[in-house]
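> need a 3D model of the following:
(chains A and B)
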Amino acid sequence: MKKLGKKIEHYEKITGMSKLARRYFVMNTFDGTLTIFGVLLGSFLSGLMEVDTIATMGLGAGAAIFVSGVWGTYLSERAERMKSRKDLERSMLRNLDSTDISRAESFATVYVSLIDGLSPLIAILLVLLPFFISFTPILDVLSAYYISFGMCFVMFLLLGIFLGKLSKENLAISALKTLAIGLICAVIIYTISSLTASSHI
Amino acid sequence: MDTVKVQKIVLDVLKPMEPSILELSRNINAVDGVDKVSVDILEIDKKVENVKISIEGPSLHYENINRIIENMGATIHSIDNVLTIKEPSD
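Alright, predicted model coming up:
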């Protein structure tokens, strides 16, 4: 285990993957939270109260975003890293297969791809948690909606604080910025919902 | 029969910018028989750098050192200096 830790540390020094993974983590957790917020707000405004339908829709969004995150990042990261390795091979006048460089790059590609796919999925599953609970008599669907919306806003705030800490900016301003994005999204969905509702009349 | 031991090797190496000379030095130092490693940068290019690596120890094994250097994506251009000693057998 210690050996594996050392190896990962060594790969990190070669590729600088943690910086990239952190960026993907924030970007995609935000993406996942915003996606599920949109799905839930849309279904709430349409008056959808069937918990199994809501859960299926949410999980469907989660599965799609997971697959898209993992494969999209894997393919693009791999292509980018292959290109830079080929450039390096030209400068080094040697093949770099089976060196620590190629091993580190393969590891970094898989690592950031998983972060990219898993972070929005975890965010979606967390926000959907009240709906899973509402399958039991403990929680009704309406309360699940309110708790989930609350969780979305808490996650927006937390992501803002995390970004603020990272950039050493004012945490409150940074948190308010991400919260504002959530609110803008809510206004857009509300407008769309009003337009589609009026078009039915 | 006397045994000849290599106690110092100076190498001219072309390496990628990453892993850094710190990593390279640490990895070479982890090889059995290596006591001291010193790395000097001779030239920096866009993606690669040319370094002089001075390795000292009671008994150096060139093959092991070469394997570590190659594994880190670097290439030995030349061996610029070697110090050997003869140890008489008892």
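
> contacts and neighbour counts: CA atoms only from here.
OK.

> residues touching whatever residue of chain A ends up closest to chain B, list them.
The nearest approach of chain A to chain B comes at residue A:99, 4.5 Å away (Cα to the nearest Cα). Listed by Cα atoms under 8 Å, 6 or more residues apart in numbering or on different chains, the contact partners of residue A:99 are B:70, B:71, B:72, B:73.

> residue B:66 too?
Applying Cα under 8 Å, 6+ apart to residue B:66 gives the contacts residue B:76.

> got it, and the one 4 residues further on?
Contacts for residue B:70 (Cα under 8 Å, 6+ apart) come out as A:99, B:76.

> so which helix or strand takes in residue B:52?
Following DSSP states H and E, one finds residue B:52 within strand B:48-56.

> what angle do the helix or strand that comes right after that strand and strand B:48-56 make?
Downstream of strand B:48-56, the next assigned helix or strand under DSSP H and E is helix B:62-71. Counting by axes from the mean of the first three to the mean of the last three Cα atoms, to 10 degrees, helix B:62-71 points 160 degrees away from the direction of strand B:48-56.

> which residues of chain A lie near chain B?
Counting by Cα under 8 Å from any Cα of the partner chain, chain A comes close to chain B at A:10, A:13, A:14, A:15, A:88, A:91, A:92, A:96, A:98, A:99, A:100, A:101.

> who touches the strand holding residue B:52?
Taking Cα under 8 Å, 6+ apart as the rule, strand B:48-56 contacts A:88, A:91-92, B:7-17, B:34-44.

> what does stretch A:52-65 give?
Residues from elsewhere that reach stretch A:52-65, judged by Cα under 8 Å, 6+ apart: A:32, A:35-36, A:39-40, A:43, A:48, A:117, A:120-121, A:124-125, A:128, A:131-132, A:135.

> and the residues you listed, which of them are buried?
A:32, A:35-36, A:39-40, A:43, A:117, A:120-121, A:124-125, A:128, A:131-132 (16 or more other Cα atoms under 10 Å in any protein chain shown).

> with pLDDT, distance to residue A:72 and secondary structure as extra columns, can I get these in JSON lines?
Output for those, formatted as JSON lines (pLDDT from 0 to 100; distance: Cα to Cα, whole Å; DSSP: H, G, I helix; E, B strand; the rest coil):
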{"residue": "A:32", "pLDDT": "95", "distance to residue A:72": "15", "secondary structure": "helix"}
{"residue": "A:35", "pLDDT": "94", "distance to residue A:72": "17", "secondary structure": "helix"}
{"residue": "A:36", "pLDDT": "96", "distance to residue A:72": "20", "secondary structure": "helix"}
{"residue": "A:39", "pLDDT": "94", "distance to residue A:72": "22", "secondary structure": "helix"}
{"residue": "A:40", "pLDDT": "95", "distance to residue A:72": "25", "secondary structure": "helix"}
{"residue": "A:43", "pLDDT": "93", "distance to residue A:72": "28", "secondary structure": "helix"}
{"residue": "A:117", "pLDDT": "95", "distance to residue A:72": "9", "secondary structure": "helix"}
{"residue": "A:120", "pLDDT": "96", "distance to residue A:72": "14", "secondary structure": "helix"}
{"residue": "A:121", "pLDDT": "96", "distance to residue A:72": "15", "secondary structure": "helix"}
{"residue": "A:124", "pLDDT": "97", "distance to residue A:72": "19", "secondary structure": "helix"}
{"residue": "A:125", "pLDDT": "97", "distance to residue A:72": "21", "secondary structure": "helix"}
{"residue": "A:128", "pLDDT": "96", "distance to residue A:72": "24", "secondary structure": "helix"}
{"residue": "A:131", "pLDDT": "96", "distance to residue A:72": "29", "secondary structure": "helix"}
{"residue": "A:132", "pLDDT": "95", "distance to residue A:72": "29", "secondary structure": "helix"}
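
> secondary structure class for residue B:73?
Under DSSP: H, G, I helix; E, B strand; the rest coil, residue B:73 falls in the coil class.

> chain B against chain A: which residues are in contact?
Contact residues (Cα under 8 Å from any Cα) of chain B with chain A: B:14-16, B:18-20, B:23, B:47-48, B:70-75.
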